[in-house]
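Undergrad: A predicted structure for the sequence below; I have some questions about it.
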Amino acid sequence: MAYLKFIPDKNLIAIVGKVVEVIIAAENNADEKLYKNVIDPFSALFHGITKSMSYKEWLTEEKTRQIQKTMQNAIGNFHQEIIGSVRDWEDLGAGGGLDVINKKKRIIAEMKNKFNTTKGNHRVEIYDAIEAKIKSKEYTGYTGYYVEVISQGRNVYDNLFTPPDNKIKKNRPENKKIRVIDGVSFYALTTGRPHALQELFQAIPEVLSDNYKYKLNKKDLKQYFSLFEKAFSTE
């Protein structure tokens, strides 16, 4: 029985494996990379003392924080590759300008893992990149999406994307072909399955258990799913 209805098992296993490899590599290189970027000693001192942590405990927590930062980047790539493996969808890779495309449905999209990943004028840059694509002859008739996989407040939306440009104090003009969408809605749009994102989340422990020998008990799985429910609409 397949893990998911909308992506081949071999693709899912490989994509999950890439995230596992990133985590293992980050853990193995944690000591080497810890001081690569200068650590703010004042921040470290206040954090450690106010949390009643020893220096060793603070060091462990700082390594964990840096590993999590690396992992967040990997999760962004994870979603891009998952969508790129859905039928009729293509992952445009790191140098593709935007992230994923469906030539049959005439949809192109830029994906970000969380609503606050992109700030300020970077949102304007995304708008401009989408606009430039859909104005070109090759992409005539396409709709461009800016995808926020994790939305603010579990909101579900598929709205016009009109980010403010701080330089000129104006929002970008409305264009029905340039839109912003949450992760639940985008996964539903790409797969035709309203709960596709939830299905993906619930399949990951099985993939890890079957192929990478990581185990989770039922209690832990339930608690992790409660985090999913806090982040995403499950209706």
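TA: Received it, and whenever you're ready, just let me know what you need.

Undergrad: residues in contact with the residue minimising distance to the centre of the chain?
TA: The residue lying closest to the centre of the chain (CA atoms, centre = their mean) is residue 113, at 2.6 Å. Residues near residue 113 by CB atoms under 8 Å, 6 or more residues apart in numbering: 72, 75, 76, 79, 149, 150. C-beta coordinates here come from the backbone N, C-alpha and C atoms, glycine included.

Undergrad: dump those residues to TSV, plus neighbour count and secondary structure.
TA: Converted to TSV, these look like this (neighbours: other CB atoms under 10 Å; DSSP: H, G, I helix; E, B strand; the rest coil):
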residue	neighbour count	secondary structure
72	12	helix
75	15	helix
76	17	helix
79	23	helix
149	25	strand
150	18	strand
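
Undergrad: lowest-confidence member of these, which is it?
TA: Looking at the contacts of residue 113 by pLDDT, the weakest one is residue 72, with 85.

Undergrad: ok, residue 129 - contacts?
TA: By CB under 8 Å, 6+ apart, the residues touching residue 129 are 97, 98, 110.

Undergrad: what helix or strand is the second one located in?
TA: Just to be clear, that refers to residue 98. Using DSSP states H and E, residue 98 sits within no helix or strand.

Undergrad: which pLDDT value goes with it?
TA: For residue 98, pLDDT reads 92.

Undergrad: quick one, phi psi at it?
TA: With angles defined as degrees, to the nearest 10, residue 98 sits at phi -110, psi -170.

Undergrad: quick one: contacts of the worst-scoring helix or strand of the chain on mean pLDDT?
TA: Every helix and strand of the chain was ranked by mean pLDDT, DSSP states H and E. The lowest is helix 30-34, at a mean of 73. Outside of helix 30-34, the residues within contact range by CB under 8 Å, 6+ apart are 26, 59, 62, 63, 66, 67.

Undergrad: turn these into CSV, columns for distance to residue 139.
TA: Putting the contacts of helix 30-34 into CSV (distance: CB to CB, whole Å) gives the following:
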residue, distance to residue 139
26, 36
59, 49
62, 44
63, 44
66, 39
67, 38
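
Undergrad: out of the residues you listed, which sit inside helices?
TA: Of the contacts of helix 30-34, the ones assigned to helices by DSSP state H are 26, 59, 62, 63, 66, 67.
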